[in-house]
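Asker: coordinates for the following, if possible.
(chains A, B and C)
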Amino acid sequence: MRLSRRAELLLRAASAVTLAFIYIPLVVIFVYAFNTSRVLEWPPPGLTTSWIGEAIDNSGARDAFFTSLEVAAVATLVALILGALASLAVARFRFFGRETISFLVVLPIALPGIVTGVALNTTFTQFLGVGLGLWTIVIGHATFCIVVVYNNAVARLRRVSGSLEEASADLGATPWMTFRRVTLPSMQTALVAGGLLAFGLSFDEIIVTTFTAGAGEQTLPLWIFTNFSRPNQLPIVNVVAVFVILLSIIPVYMAHKLTREEGGASPGRGGGTAVAAEGTAIP
Amino acid sequence: MGRRLADLFHGRPRLQVGALLAGPVGWLVVGYLGSLAILLAASFWTLGELSGEVERTFTTANFETLFSEGVFRTVTLRTVLIAALVTVTDAMLALPLAFFMAKVARRRWKGLLVVAVLVPLWSSYLVKAYAWRTILSEDGIFNWVLDPIGLSGPGYGNVAVWLVMSYIWLPFMIIPVYAGLERIPDSVLAASDDLGAKPWRTFRSVIWPLVFPAVVAGSIFTFSLTLGDYIAPSLVSSNQFIGTVIYSNITNNLPLAAAYTTVPIAIMIVYLLLARRFGAFEHV
Amino acid sequence: MSSDARSARWAWLAVAGLSIFIAAFAVGCGGDDSTDETSAGGEMLTEVGEGEGELNLICWAGYCEDGSTDPKVDWVSDFEKETGCEVNVKIGNTSDEMVQLMRTGEYDGVSASGDATLRLIDGGDVDPVNTDLVPNYADVYDELKDQPFNSVDGQMYGVPHGRGANLLMYNTDEVKPPATSWSAVFDPAEMEKQKGKLTAYDSPIYIADAALYLMNTQPDLGITNPYELDQEQFDAAIELLKTQNEYIGEYWSDYTKQMQAFTNGDSTVGTTWQVINQLLQADGQPVQADVPEEGSTGWSDTWMVGSDAEHPNCMYMWMNHIIDPKVNAQVAEWFGEAPSNEKSCEFTADPKHCETYDADGSQYLDEVYYWTTPVADCGDDRGEVCKTYDDWVQGWTEVKG
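Answerer: Next comes the predicted model:
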């Protein structure tokens, strides 16, 4: 598309404004991680790297970090399995209620987190009478992570024709063999991308977690929530936040690279980047 | 054994579908919808006289309270309006950047920009909310920048909630819009040029209709996430929103809180149905 | 209609049917659950055995210091060393939160104020306390024992911790002349000067503070006890709070948020606890706090044992520890309240602490209106027309608008 100089400049300016809007608060967080004062005032009186050491030593933060990793890993696994199964059914078959599946899958993430959280909490404590613990957190997370895996998988399966699988069946392969040798390889990067997104979603989730976590365990967001206001812990929280942001660049980049090669790059469509992006859209 | 199973499934697509869907649908219907049903059931319960504990006796009193007390209407209206405003704001912020990424940027930059947009998704929601709390505070950056000109920042309140929510959910809008714009073939845009349309005309008549479903898809997130949030709004405002009212009533009056959750649920279901009508659930 | 739409409709019907079935099941199943009997029952410990190695507490901020706020302020680590009970502290910001947390059954004990104690006792969430097993109980001030908010029919349900009054805090640079009356936060003429910078405690129990102000400014309403409000008195209090709401900058329940607000200048005047005032002054902030001329609401806290406590022995050991004269003195000074143990007065670093905080209640503490749960029974000849805590909760939602 041909843009006049003026139009292109306006476009660039608007894009820059949006990017600036996104990153300025992150820069603020970054600066506070090195703030000498324990209170968040602006401008910060001085800069120091001493908080980094304190953050590493802080057992509460470390435990919470690993708890978050555990929970996210298990939730992602569950979401991968359930999401993949659902996507196979929807993309490869026509049946009664097919449209509704997409609706159903997106519901946990479309309904406000507090509704999901209160519903699960009420079910666990009032109806089932069970205590809250790590596994209740996992159940909550897996439920709303299914959709991101599902979206990525369905998007990929729709791009890859089902005729390969038919051919495989014609050649005498059992459904399981067809899945393992034909379907899975063609969708595995989509699954990985979906899995990474699900992992990120679970890792950062706070609202549903507040309602499904027991007294003993803390995920990292819960730890941040309880510690952000404690004057002694505040700078450590900022360091932890910066650490997580920097750490996340790797999986995000990986997801991006993985999906850009697959998915049948069509001319003028920028291929994989769109597919990766679609993972967070509705199918 | 594998053969036996395969024979069982062969030629029986319904069985195959059933087997595939048993897990996910079972989980979602029994686990999730079941929980929602229980929440709905709880909205008909009541509290013990002195202890304040939940008693499972049937009553519609909670719903009566919701309709008779004006405060619930006020809060709902306020939240819905801000959610709508946030959605519009995010759409306006997302479109230029997404278009730049999809159609104007060179290949190399495109990848970097996608990563640049996705990374903030991973930075802790909480830390972002607290960062904004300090940015907007009396001694914060906003005032620090505007004071010399004699203006002052918005401080805490509804404007602050609008700003913060627009900020936090923006990536959720950028990504589907970007995907939607990517799907538009360059040839279509070239054709529009050849027919003599100026960029704005092309946008209005060609791009916007094509990208609209993607915008609606993104809006589902921005609207719903703003509708139910209680953490960020309570950090930058002392006004009440749907999320904060539900949250503060969970401790004292679970049945009332449960009854009030039916409001955002109903709103979102309507929104989702509308979104489906506008094609947000399709893709090319 | 297309087959997809038709199938979608069937699917929805099936889902709706299933949900209704579950809902009916949930409603029908369980009509006579627990809560109807006044559960003045529960098991009481007969002897304190070995420590179980762990203790989960719900504490008011500043009650269970383990050195993480200030390394010199720590009475938890010694306890852990002596008894082997590792302490996990959950800070409750309001009584409502504490009640909610206790109900999960995951905690062994709680430092409950009067507006939580009766709810916990009645709900069966706490057990009676065998005071013979708490040696230091003998030295607790008599006027804190066998009170309506911590005992039922002569049976103690907890161990008194200490008591104090809510204070009015103000920024000495911004609020001139100094605020010595609650009118600073209730009288529109005075509130106007600090518009948008007022703060108030975010809990329905704050309605009592409005009622207290009305006791002094509108005596013809006839309010004698700010927790016993009939419809007319209640409505007047709510009106007053709605007016105040227009001048409020933010409500607070997390003490560190209030500290931040006063430090950043977002709040300049409002209700507070002494511990917050002391922490701010230690930080060099220009603040001052006092009991205003009209008197104040306050709290008298009690340590209670959870009925589902997994570590009751550790809890009894903790209760004995926290009212130990030396420890009680430390807590009382750190938090800024009157200790519950008579002997603590000899151990306070400031020898005049007990006098300043009126530990024996002779000066003003006996007139403080301690947090208690509002009930329908007015306790006088009006009968059962007073507003219950549920009404207060609803009123509070209305106030915040």
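
Asker: any idea how many residues pack against the closest residue to chain B within chain A?
Answerer: For chain A and chain B, the shortest gap (C-beta to the nearest C-beta) falls at residue A:112, measuring 1.8 Å. (Glycine included, C-beta is placed from N, CA and C.) Per other C-beta atoms under 10 Å in any protein chain shown, the neighbour tally for residue A:112 reads 27.

Asker: again with the one 5 residues further on
Answerer: Residues near residue A:117, counting by other C-beta under 10 Å, number 25.

Asker: find the nearest non-adjacent residue to it, please.
Answerer: Closest residue to residue A:117 in three dimensions, ignoring its sequence neighbours and counting by C-beta to C-beta, 6 or more residues apart in numbering or on different chains: residue A:211, at 3.4 Å.

Asker: tally up the residues packed near the one you found, please.
Answerer: Other residues lying near residue A:211 total 23 when counted by other C-beta under 10 Å.

Asker: got it, and residue B:198?
Answerer: If we define neighbours as other C-beta under 10 Å, then residue B:198 has 13 of them.

Asker: repeat for residue C:176
Answerer: The number of residues packed near residue C:176 is 10, by other C-beta under 10 Å.

Asker: tell me if it really is in a strand.
Answerer: No - with DSSP: H, G, I helix; E, B strand; the rest coil as the criterion, residue C:176 is assigned coil and is not in a strand.

Asker: circling back: so which helix or strand takes in the residue nearest to residue A:117?
Answerer: Per DSSP states H and E: residue A:211 is located in helix A:207-212.

Asker: which helices and strands does that helix pack with?
Answerer: Counting contacts by 3 or more C-beta pairs under 8 Å, 6 or more residues apart in numbering or on different chains; DSSP states H and E, helix A:207-212 is packed against helix A:113-122, helix A:134-159, helix A:220-227.

Asker: any idea how far the closest residue to residue C:330 other than its chain neighbours lies from residue C:335?
Answerer: Excluding its sequence neighbours, the residue lying closest to residue C:330 (C-beta to C-beta, 6+ apart) is residue C:75, at 5.5 Å. Distance of residue C:75 to residue C:335, computed by C-beta to C-beta, to the nearest Å: 12 Å.

Asker: before we move on, what about residue C:387?
Answerer: Distance from residue C:387 to residue C:335, by C-beta to C-beta: 30 Å.

Asker: tell me who's in contact with residue B:189.
Answerer: A:1, B:103, B:202, B:206-207 (C-beta atoms under 8 Å, 6 or more residues apart in numbering or on different chains).

Asker: so for whatever helix or strand it lives in, mean pLDDT?
Answerer: Using DSSP H and E, residue B:189 sits within helix B:186-194. The average pLDDT for helix B:186-194 rounds to 89.

Asker: where does the stretch 151-284 of chain B have low pLDDT?
Answerer: Low-confidence segments of the stretch 151-284 of chain B (pLDDT under 70): B:282-284.

Asker: now the stretch 151-283 of chain A
Answerer: Per-residue confidence for the stretch 151-283 of chain A (pLDDT under 70) gives these ranges: A:215, A:229-232, A:259-283.

Asker: where along it do the helices fall?
Answerer: Taking DSSP state H, counting those that start in this stretch, the helices of the stretch 151-283 of chain A run over residues A:163-170, A:175-178, A:184-204, A:207-212, A:220-227, A:234-261, A:272-278.

Asker: buried sites along the longest helix along chain B?
Answerer: The longest helix of chain B (DSSP state H) is helix B:70-99. Neighbour counts over helix B:70-99 (16 or more other C-beta atoms under 10 Å in any protein chain shown) mark B:71-72, B:75-76, B:78-80, B:82-83, B:85-87, B:89-91, B:93-99 as buried.

Asker: and stretch B:45-60, average pLDDT?
Answerer: For stretch B:45-60, mean pLDDT is 76.

Asker: mind saving the C-alpha coords of that stretch as CSV?
Answerer: Output in CSV follows, covering the C-alpha atoms of stretch B:45-60 (Å, rounded to 0.1, in the frame of the first residue of the first chain):
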residue,chain,number,x,y,z
TRP,B,45,-28.8,-18.7,50.1
THR,B,46,-28.7,-16.5,53.1
LEU,B,47,-26.6,-15.7,56.2
GLY,B,48,-27.0,-16.8,59.8
GLU,B,49,-28.4,-14.2,62.1
LEU,B,50,-25.5,-13.5,64.4
SER,B,51,-22.7,-15.7,63.2
GLY,B,52,-23.0,-14.4,59.6
GLU,B,53,-22.2,-17.9,58.3
VAL,B,54,-23.8,-19.1,55.1
GLU,B,55,-27.0,-20.9,55.6
ARG,B,56,-28.5,-22.9,52.7
THR,B,57,-32.1,-21.9,53.0
PHE,B,58,-33.7,-20.7,49.8
THR,B,59,-34.4,-17.0,49.5
THR,B,60,-34.6,-14.4,46.7
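
Asker: how about it, does it reach chain A?
Answerer: Yes - on the criterion C-beta under 8 Å from any C-beta of the partner chain, stretch B:45-60 is in touch with chain A at residue B:54.

Asker: next one: that stretch to chain centre, how far?
Answerer: Here stretch B:45-60 shows a centroid-to-chain-centroid distance of 33 Å under the convention C-alpha atoms, centre = their mean, to the nearest Å.

Asker: swap in stretch B:195-208?
Answerer: 29 Å.

Asker: likewise for stretch A:87-102?
Answerer: Distance, stretch centre to chain centre, for stretch A:87-102: 24 Å (C-alpha atoms, centre = their mean).

Asker: quick check: mean pLDDT of it?
Answerer: 83.

Asker: likewise for stretch C:64-73?
Answerer: Stretch C:64-73 comes out with an average pLDDT of 83.

Asker: buried set for it?
Answerer: Those would be C:64-66, C:69, C:73, for stretch C:64-73 by 16+ other C-beta under 10 Å.

Asker: near chain A at all, it?
Answerer: Yes - interface with chain A: stretch C:64-73 contributes C:68-69 (C-beta under 8 Å from any C-beta).

Asker: measure that stretch end to end?
Answerer: From its first residue to its last, stretch C:64-73 covers 10 Å (C-alpha to C-alpha, to the nearest Å).

Asker: for chain C, give me the ranges with low pLDDT.
Answerer: For chain C, the stretches with pLDDT under 70 are C:1-42.

Asker: what ranges does it have for its helices?
Answerer: Under the criterion DSSP H, helices of chain C are mapped to C:3-28, C:77-83, C:95-103, C:114-122, C:183-186, C:188-191, C:207-217, C:231-245, C:255-264, C:274-282, C:312-322, C:325-335, C:353-356, C:389-400.

Asker: just those: most buried one?
Answerer: helix C:114-122 (a mean of 26; mean count of other C-beta atoms under 10 Å in any protein chain shown).

Asker: CA atoms only: put it into CSV for me.
Answerer: Output in CSV follows, covering the C-alpha atoms of helix C:114-122 (Å, rounded to 0.1, in the frame of the first residue of the first chain):
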residue,chain,number,x,y,z
GLY,C,114,-14.7,-7.3,69.6
ASP,C,115,-16.5,-7.1,66.2
ALA,C,116,-15.1,-10.4,65.2
THR,C,117,-15.2,-12.4,68.5
LEU,C,118,-18.9,-12.9,68.8
ARG,C,119,-19.3,-13.9,65.2
LEU,C,120,-16.5,-16.5,65.6
ILE,C,121,-17.9,-17.9,68.8
ASP,C,122,-21.4,-18.1,67.4
